[in-house]
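below is the structure, and that's it, no one-letter string:
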């Protein structure tokens, strides 16, 4: 019998028992995003995330975290970051993030008709 959305929200299976759930701390997320942010120029990261240059500087220094909006923009605009963030969130990739990002860019180019 299919499980309704209400059941899925309220009935934990053995795999998702509250005692076995993993949680990421704010510090872990700040460290993750700071490390990745430092791979880009300030202007490039501002373009990818929609942040101002001042906000990018704070992100790169680890002074601030990222909002859901910023993570969403970054994931939408950067396939390599999206693959790394997916893995950070517990996702399993069939291959390395760089390969997944390259495949994503290739598929997007084909769909958009870019030679």
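Sure, I can see it. This one's a predicted model, so the numbers in the text were calculated from it and none came from an experiment.

give me the element residue 64 is part of.
Secondary structure assigned from DSSP states H and E places residue 64 in neither a helix nor a strand.

so what's the residue count around it?
Summarising burial for residue 64: neighbours were counted as other C-beta atoms under 10 Å, giving 17. To be clear about C-beta, it is placed using only N, CA and C from the backbone, and glycine gets the same treatment.

if I look at the closest residue to it other than its chain neighbours, how far off is residue 81?
Counting by C-beta to C-beta, 6 or more residues apart in numbering, residue 64 lies nearest to residue 58, which is 4.4 Å off, once chain neighbours are set aside. When C-beta to C-beta, to the nearest Å is applied, the distance between residue 58 and residue 81 equals 18 Å.

the more surrounded of these two?
Summary of the neighbour comparison: residue 58 and residue 81, criterion other C-beta under 10 Å, with residue 81 having more neighbours (24 against 16).

that one sits in which helix or strand?
In this structure, residue 81 is located in helix 79-88 according to DSSP H and E.

what of residue 40?
With DSSP H and E as criterion, residue 40 is part of no helix or strand.

ok, now the one 5 residues further on?
Under the assignment given by DSSP H and E, the secondary-structure element containing residue 45 is helix 42-49.

following that helix, which helix or strand comes up?
If you walk from helix 42-49 toward the C-terminus, the next helix or strand you reach (DSSP H and E) is helix 53-61.

now find how far off-centre that following helix is within its chain.
Taking C-alpha atoms, centre = their mean, to the nearest Å, one finds the center of helix 53-61 at 18 Å from the center of the full chain.

elements contacting it?
Helices and strands in packing contact with helix 53-61 are listed as helix 26-37, helix 42-49; criterion 3 or more C-beta pairs under 8 Å, 6 or more residues apart in numbering; DSSP states H and E.

number of residues surrounding residue 31?
Every residue meeting other C-beta under 10 Å relative to residue 31 is counted, giving 13.

got the contact list for the residue nearest to it when sequence neighbours are not counted?
Excluding the flanking residues, the one nearest residue 31 by C-beta to C-beta, 6+ apart is residue 62, at 7.1 Å. With contacts defined as C-beta atoms under 8 Å, 6 or more residues apart in numbering, the neighbours of residue 62 are 30-31, 34.
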